[in-house]
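Novice: Output the structure for:
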Amino acid sequence: SDGTAAVGSFVFAKEVTNSNGAVIFKQASAKGTGTPLGFVERVLTGALGYKEDGTLVYAEGAELTIARRGDYYAANAGGAAVGKAVLCDPATGEITYGEAGAANDTGWVVYAIGADESEPIIISNR
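Specialist: Numbering: from 1, shown residues only. Model prediction:
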């Protein structure tokens, strides 16, 4: 993590360069360009690596588990409907829902929703 990646969000590759401008490694970031690396899972084993108690944002340098396929619980960002594409704005990290193939399409879809927007949804990328 670059210190901005949070559980239940999509992350992008952020290049870290040395003083000569050469890429020395990549970190996962809440903001970026292109297609997201994947969805940040919450794994409840070992040290969690959050920035501080009560937050779901990982500290800089923390290792992440990034899902590329599967079914995962996620917070409803508002307006989720079964079959809608999950969209993620790379400039802000904001999640919205729309049509497959739309700008910022993550390749994930809303698979199931709860009775109201306060309940988690299930997103899927098979």
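
Novice: The residue lying farthest from the centre of the chain in helix, strand or coil?
Specialist: No residue in the chain sits farther from the centre than N20, which is 30.6 Å out by CA atoms, centre = their mean. Following DSSP: H, G, I helix; E, B strand; the rest coil, N20 is assigned to coil.

Novice: And the pLDDT at it?
Specialist: Note on N20: pLDDT of 93.

Novice: List phi and psi for it.
Specialist: Backbone geometry at N20, expressed as degrees, to the nearest 10, gives phi -90, psi 0.

Novice: again, but for G79
Specialist: Torsion angles, degrees, to the nearest 10, at G79: phi 90, psi 10.

Novice: List the contacts of the residue lying closest to it once chain neighbours are set aside.
Specialist: Once flanking residues are discounted, G79 sits nearest to Y97: 5.5 Å by CB to CB, 6 or more residues apart in numbering. Heads up, the C-betas are built off the backbone N, CA and C, glycines and all. Each residue near Y97 by CB atoms under 8 Å, 6 or more residues apart in numbering is listed here: A77, G79, A80, A81, K84, A85, V86, L87, V110.

Novice: low pLDDT regions in the chain?
Specialist: Applying pLDDT under 70 to the chain flags residues 45-54.

Novice: Show me the helices in it, by range?
Specialist: Assigned by DSSP state H, the chain shows no helices.

Novice: Show me the strands in it, by range?
Specialist: Secondary structure of the chain (DSSP state E): strands located at 10-17, 23-29, 38-40, 66-67, 70-74, 85-88, 95-98, 105-112, 121-125.

Novice: So for D2, which of these sits nearest?
Specialist: D2 sits nearest to strand 23-29 of all the strands of the chain, at 4.1 Å, using CB to CB.
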